[in-house]
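Visitor: no FASTA, just this:
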């Protein structure tokens, strides 16, 4: 289109037609926003996994018959089964990232179910398991009561786990929320993307 002069604006493009312009559909906006947020949650899940892996490193090295003096001197308590089960939840992140890439509802639902089984349930078990130690430490009156509480490097072991549990619970709750929003946005498009 030829322009008339330097500052020519074609008729009808003076900005008054803004009410008739095309807009991005809401479900596309929600999908893009929640995809980004879920990726951040998965990143924080990776960080928590590496913290758990550092805790499990002494046990893993013992099972492989590898002796590293510096790690042995830390006297890290033996892990419980829930710690290894929680580590499985990291594998679910690949399912979630694949669902994000392809906008597929079924893999995202599988990610959510797996997160409940391998993320929330082990954390719930740990919360119950360490509750008596944490409660005793927070409400003790006499020093004799603290003899029942397990300590590691001068810190109450249960309270250290509660810090991890609080962080993991937040990451998992936000992941579930954003995954739920994605499933809702993808289902509202009108086309069924279940596979």
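Guide: Cool, the structure landed. Owing to the predicted nature of the structure, the values given are computational and were not obtained by experimental measurement. Residues are numbered from 1 along each chain as shown.

Visitor: how close does residue 49 get to residue 93?
Guide: Applying CB to CB, to the nearest Å, the value for residue 49 to residue 93 is 9 Å. The way it works is simple: take the backbone N, C-alpha and C, and place the C-beta from them, glycine included.

Visitor: any idea where the helices of this structure begin and end?
Guide: With helices called from DSSP state H, the chain shows them at 26-63, 69-72, 81-102, 105-115, 121-139, 157-187.

Visitor: residue 149 is nearest to which of these?
Guide: Relative to residue 149, the nearest member of the helices of the chain by CB to CB is helix 121-139, separated by 5.0 Å.

Visitor: so which bits of that closest one are buried?
Guide: 122, 123, 126, 127, 130, 133, 134, 136, 137 (16 or more other CB atoms under 10 Å).

Visitor: pLDDT-wise, which helix or strand of the protein ranks last?
Guide: helix 69-72 (a mean of 70; mean pLDDT, DSSP states H and E).

Visitor: and residue 67, how many residues sit next to it?
Guide: 9 (other CB atoms under 10 Å).

Visitor: if I look at residue 76, how far off is residue 63?
Guide: Using CB to CB, we find residue 76 at a distance of 14 Å from residue 63.

Visitor: ok, and the closest non-adjacent residue to the residue nearest to the spatial centre of the chain?
Guide: Taking CA atoms, centre = their mean as the criterion, residue 171 is the residue nearest the geometric centre of the chain, at 3.7 Å. Leaving aside its sequence neighbours, residue 171 sits nearest to residue 44 (CB to CB, 6 or more residues apart in numbering; 4.9 Å).

Visitor: setting aside sequence neighbours, what's the nearest residue to residue 51?
Guide: residue 164 (7.0 Å).

Visitor: hmm, residue 54 and the one you found touching each other?
Guide: No. Using CB atoms under 8 Å, residue 164 is not in contact with residue 54; the gap is 11.3 Å.

Visitor: kind regards, and thank you for your time.
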